[in-house]
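Engineer: got a predicted model here, sequence first, then my questions.
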Amino acid sequence: MMDGRALAELEGRVVVGNRVGRTLGVPTANIAYDPARKCLPDGVYVADVVLLEQGNKVYQGVLNQGSHPTVPKGEPAVEIHLFDFQGLLYGQCVRIRYWHFLRDEITYPSRQSMRVQMQRDIRDAREWFTHHPDYLAG
């Protein structure tokens, strides 16, 4: 059993990103962050999001924190794909909780190879949540 403490938390507003994830079939909510204030290394994490303006509803997902080197346009960002979520979150305040490090951020030779890895990351994150149903237990 875990102790219910996330590796880190980040609060912020959902901003419009480059919409690359959406074009690959993996839409993400993007939260601007200051790389100088990060408390964890860049990479891919199992995470969840608390929708602070929607009654603290929680959605699980997989997150990338970093400079998105395959499509290096814009500022460093935190991008999270939420499982089983439909809708738009632009402008909403959210709390992201990082639960487990999956892998380092890497550069891909193509968007297609990045999409394949994103699908693996989604599978791995879902599997982590399945094997840690008590992750919020305190």
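Structural biologist: It's in.
Engineer: where does the prediction get shaky in the protein?
Structural biologist: The model of the chain has pLDDT under 70 over residues 1-3, 18-24, 69-70, 72-74, 137-138.
Engineer: okay, and the residue nearest the centre of it sits in which element?
Structural biologist: By CA atoms, centre = their mean, the chain has its centre lying nearest to Leu63, at 2.0 Å. Assigned by DSSP states H and E, Leu63 belongs to strand 57-66.
Engineer: for that strand, which positions count as buried?
Structural biologist: Using 16 or more other CB atoms under 10 Å as the test for burial, strand 57-66 gives Tyr59, Gln60, Gly61, Val62, Leu63, Asn64, Gln65, Gly66. Just so you know, the C-beta spots here come from the backbone N, C-alpha and C atoms, and that holds for glycine as well.
Engineer: so what strands line up beside that strand?
Structural biologist: strand 43-51 (antiparallel), strand 77-82 (antiparallel) (DSSP bridges).
Engineer: check the offset of that strand from the chain's centre.
Structural biologist: Once both centres are worked out by CA atoms, centre = their mean, to the nearest Å, strand 57-66 turns out to sit 3 Å from its chain's centre.
Engineer: how about stretch 76-88?
Structural biologist: Using CA atoms, centre = their mean, the offset of stretch 76-88 from its chain centre is 7 Å.
Engineer: the strands in this structure, which residues?
Structural biologist: 8-15, 29-32, 43-51, 57-66, 77-82, 93-103 (DSSP state E).
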